[in-house]
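[1] Here is a sequence with its predicted model. Questions after.
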Amino acid sequence: MWTRKELKERAKGLIRLNYWKAVLVAIVLSFVVGGVSSSGSGASALPAISGMQSAGMVSSSTYDRINRIEHMDDLDLYEALEQGGDISQIPEMWEDTGSQNGSVPMVVALAATGMIAFLVLVAMAIAIVIDVLILNPLEVGVRRFFSVNMFEKAQIRELAYGFDHSYKNVIHVMFFRDLHTFLWTLLFIIPGIVKSYEYRMIPYLLAEYPDMPKEDAFAISKQMMTGNKWKTFVLDLSFILWFIGSAFTLGLLGLFYGNPYYAQTGAVLYDALKAEKQPFAQRPAAEEPLMSQGPQE
């Protein structure tokens, strides 16, 4: 049976043997885990307009009136545009759609809402494609690096492992891992957290057996994590001071030690669970199995 102290002590020793490469790969992992974040959703457009006003692209009086729109004040649209542009450019039909107070025509609001919704959907689609085709295989490569690092000084080239070995299978299995986690998360969050721990070993399994079928990857990960999900959760909690310290040092503590330490501990956990559960007893050797001897200087 593994203990947190044993895993973390072993991880510390391994990080010292290959420190700078571990730091670099941990940075990649932080990017992968963070995913592609969208910016500006639901944010006010006023800061951008303010920049335009400062640059002379929008007159001061127009900016003041747009500011009133931002705060839902009454405004005559044409009067505002008259200050900064040619009012004749606005279709005559819009005059009939405005309210008695001269508020923004309904057609403009609907068009803006539709455009925003369209842009959000496009951004989400792009993010999903990047996650499936690039970030997930990168995660497998990162897990491969830290797994190999237990037995020899791993090289940066391990990051490309998910792209160079059974790429289609890797993106297929990792996509369903993300999909299952998302669907379980819809059930009041907690089931999603539990399932994320159940699927915890999938990228490590693909890092060793990139051709592993989806059904096997899910089943073996579940087998390895049975009876270990709570212990793994507590193991994660034991790093909370590192994460807090990283926040207080603007990420520097995590960058130069906390993140690679945490990532290497995850690989050591995978190795410990393999020894404990023996999930590969009936499986043929991997195409390029990880080395089995101890770490080398």
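    On my side now, so go ahead.

[2] And Gln152, how far from Phe145?
    Gln isn't right for residue 152; it's Glu. Applying Cβ to Cβ, to the nearest Å, the value for Glu152 to Phe145 is 11 Å. To be clear about C-beta, it is placed using only N, CA and C from the backbone, and glycine gets the same treatment.

[3] These two - which one has more neighbours?
    Between Glu152 and Phe145, counting by other Cβ atoms under 10 Å, Phe145 is the more crowded of the two (28 against 15).

[4] check which helix or strand covers that one.
    helix 136-148 (DSSP states H and E).

[5] Which strands or helices does the next helix or strand after that helix pack on?
    Per DSSP H and E, the first helix or strand lying C-terminal to helix 136-148 is helix 161-164. Counting contacts by 3 or more Cβ pairs under 8 Å, 6 or more residues apart in numbering; DSSP states H and E, helix 161-164 packs against helix 136-148, helix 202-208.

[6] Only the buried residues of stretch 217-227, if you could.
    For stretch 217-227, a neighbour-count test (16 or more other Cβ atoms under 10 Å) marks Ala217, Phe218, Ile220, Ser221, Lys222, Met224, Met225 as buried.

[7] Can I get the helix or strand hosting the third one as CSV, trimmed to CA atoms?
    In other words, Ile220. Using DSSP H and E, Ile220 maps to helix 214-225. Coordinates of the C-alpha atoms in helix 214-225 are reproduced here as CSV (Å, rounded to 0.1, in the frame of the first residue of the first chain):
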residue,chain,number,x,y,z
LYS,A,214,-11.1,3.1,-25.1
GLU,A,215,-13.0,0.3,-23.2
ASP,A,216,-9.7,-1.0,-21.8
ALA,A,217,-8.4,2.4,-20.8
PHE,A,218,-11.6,3.2,-18.9
ALA,A,219,-11.8,-0.2,-17.3
ILE,A,220,-8.1,-0.3,-16.2
SER,A,221,-8.2,3.2,-14.9
LYS,A,222,-11.3,2.3,-12.9
GLN,A,223,-9.6,-0.8,-11.6
MET,A,224,-6.5,1.1,-10.5
MET,A,225,-8.4,3.9,-8.8
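
[8] Check the offset of stretch 219-230 from the chain's centre.
    23 Å (Cα atoms, centre = their mean, to the nearest Å).

[9] hang on, the earlier thing: quick one: residues in contact with the helix holding Phe145.
    21-22, 25-26, 28-29, 32-33, 154-156, 158-163, 167, 170-171, 174-175, 178, 203-204, 206-208, 210, 263-264, 266-267, 270-271, 290-291 (Cβ atoms under 8 Å, 6 or more residues apart in numbering).

[10] just to revisit the earlier point, let's have the helices and strands packed on helix 161-164 in a markdown table, adding distance to Phe280 and mean pLDDT.
    Below are the helices and strands packed on helix 161-164 laid out as a markdown table (distance: least, Cβ to Cβ, whole Å; pLDDT from 0 to 100):
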| stretch | distance to Phe280 | mean pLDDT |
| --- | --- | --- |
| helix 136-148 | 14 | 96 |
| helix 202-208 | 9 | 96 |
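
[11] could those go into TSV alongside distance to Ala11?
    Output for the helices and strands packed on helix 161-164, formatted as TSV (distance: least, Cβ to Cβ, whole Å):
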stretch	distance to Ala11
helix 136-148	9
helix 202-208	14
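
[12] Determine which of those helices approaches Ala123 most closely.
    The closest of those to Ala123 is helix 136-148. By Cβ to Cβ, the value is 18.6 Å.

[13] how far does that closest one sit from the chain's center?
    Between the centre of helix 136-148 and the centre of its host chain there is 15 Å, according to Cα atoms, centre = their mean.

[14] again with stretch 237-244
    Distance of stretch 237-244 from the chain centroid (Cα atoms, centre = their mean) equals 19 Å.

[15] any low-confidence regions in the stretch 151-297 of the chain?
    282-297 (pLDDT under 70).

[16] how about a cut-off of 90?
    187-189, 277-297 (pLDDT under 90).

[17] those helices in it, which residues are they?
    For the stretch 151-297 of the chain, helices defined by DSSP state H, counting those that start in this stretch occupy the ranges 161-164, 167-185, 190-198, 202-208, 214-225, 229-237, 240-248, 252-253, 259-277.

[18] Run the angle between whichever helix or strand Gly114 is part of and helix 136-148 for me.
    Secondary structure assignment for Gly114, by DSSP H and E: helix 106-130. Taking axes from the mean of the first three to the mean of the last three Cα atoms, to 10 degrees, helix 106-130 and helix 136-148 form an angle of 30 degrees between their directions.
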